[in-house]
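# only the shape, not the letters, is given here:
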């Protein structure tokens, strides 16, 4: 039996103006069909979101560059807000990868490739690997593409001491948010995501992005000084990358998430039940491009980020599904293993208690 939920359709502000039901009991697949009405992008809204993100980012970037002459540590204070806006540009690139930011496929790809030079993320290769993440999210036999490494309790207990230690270190918050951004965005993304199975398209995307980044840095460096460019963009990039890893972590690594194997695994249930509603305060929700409404995003990935709030406004019953507050999200970092018996994420102490 598919799991069900109650969806109330707001008669006062229905999404399509033709709602005839007050309450409908839907399985996840039916819910996805109902929410598909939100997939249509809005050009004016998209352009506004792009301008409202790019303009502050460029202003802060230039201010940091000028501020170097006054004192680097003073200039460095601007790296935090600049990193937030760069993370938001990455989330716009993410929308482009889903074909949801603009109606035009060509416009999405063009913007995504331009932004990839700033985010250091090869657009086409990332788009393909991210699509595989969506297609296999929550499937225990399809781990490893676009995911943060996760072991089951049994798998962890079967490892030798050194590999257990390595896994524990890889899951530690300090490692994830400091070494993780450097490894992923500075080094790992200079090569295709599926290195040993990469085809010519993955290599083309990656190498062309690397070339564009190199040309961009050298060109700016000729006018502004290469050391100044690196002193400005590198800390901004690492802050943005840490924000991105944080968001990606808490969106799937929560206690009552969803993982299964065939034949129990289903795409729609995994998408909806295996993703959080990271219920952030309104300013943070806007700064993170509503990506915290991740359960809806995974269920219908073609909904533009700037329309995800509409879904919750019209269907408030969805707010409590997988809801995670900012305070609660800090506790996610103690969860590290999937307990197949209890069907929940547990910490290392819980795993040791089961031995």
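Looks like it arrived, so ask away. These figures come from a predicted structure and were not determined experimentally.
# where in the chain is the helix or strand with the lowest mean pLDDT?
Between all helices and strands in the chain, the lowest mean by mean pLDDT, DSSP states H and E belongs to strand 4-8, at a mean of 47.
# how about residue 322, phi and psi?
phi 60, psi 20 (degrees, to the nearest 10).
# just residue 140 next, same as before
phi -70, psi -20.
# could you list the low-pLDDT ranges of the stretch 251-355 of the chain?
Low-confidence segments of the stretch 251-355 of the chain, defined by pLDDT under 70: 352-355.
# at which residues are the helices of it located?
With helices called from DSSP state H, counting those that start in this stretch, the stretch 251-355 of the chain shows them at 267-273, 282-287, 294-299, 308-314, 326-329, 348-353.
# run the chain-centre distance for the helix or strand where residue 237 lies.
For residue 237, the element it lies in under DSSP states H and E is helix 226-252. Offset of helix 226-252 from its chain centre (C-alpha atoms, centre = their mean, to the nearest Å): 13 Å.
# mind giving me the packing neighbours of that helix?
If you count contacts as 3 or more C-beta pairs under 8 Å, 6 or more residues apart in numbering; DSSP states H and E, helix 226-252 packs onto helix 43-67, helix 72-76, helix 79-97, helix 180-181, helix 200-224, strand 277-279. (C-beta placed from N, C-alpha, C; glycine too.)
# mind giving me TSV with those and columns for mean neighbour count?
Listed next are the helices and strands packed on helix 226-252 as TSV, based on neighbours: other C-beta atoms under 10 Å:
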stretch	mean neighbour count
helix 43-67	16
helix 72-76	14
helix 79-97	23
helix 180-181	22
helix 200-224	15
strand 277-279	22
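# residue nearest the centroid of this structure?
Centroid check for the chain by C-alpha atoms, centre = their mean gives residue 248 as the closest residue, at 4.5 Å.
# ok, residue 153 - contacts?
Residues in contact with residue 153, defined by C-beta atoms under 8 Å, 6 or more residues apart in numbering, are 337-341, 346, 350-351, 354.
# before we move on, what about residue 233?
61, 217.
# how much space separates it from residue 221?
Distance from residue 233 to residue 221, counting by C-beta to C-beta, to the nearest Å: 11 Å.
# now do residue 139
On the measure of C-beta to C-beta, residue 139 and residue 221 end up 45 Å apart.
# residue 216 contacts residue 117, doesn't it?
Yes. Using C-beta atoms under 8 Å, residue 216 is in contact with residue 117, at 5.4 Å.
# fine by me, we can end here.
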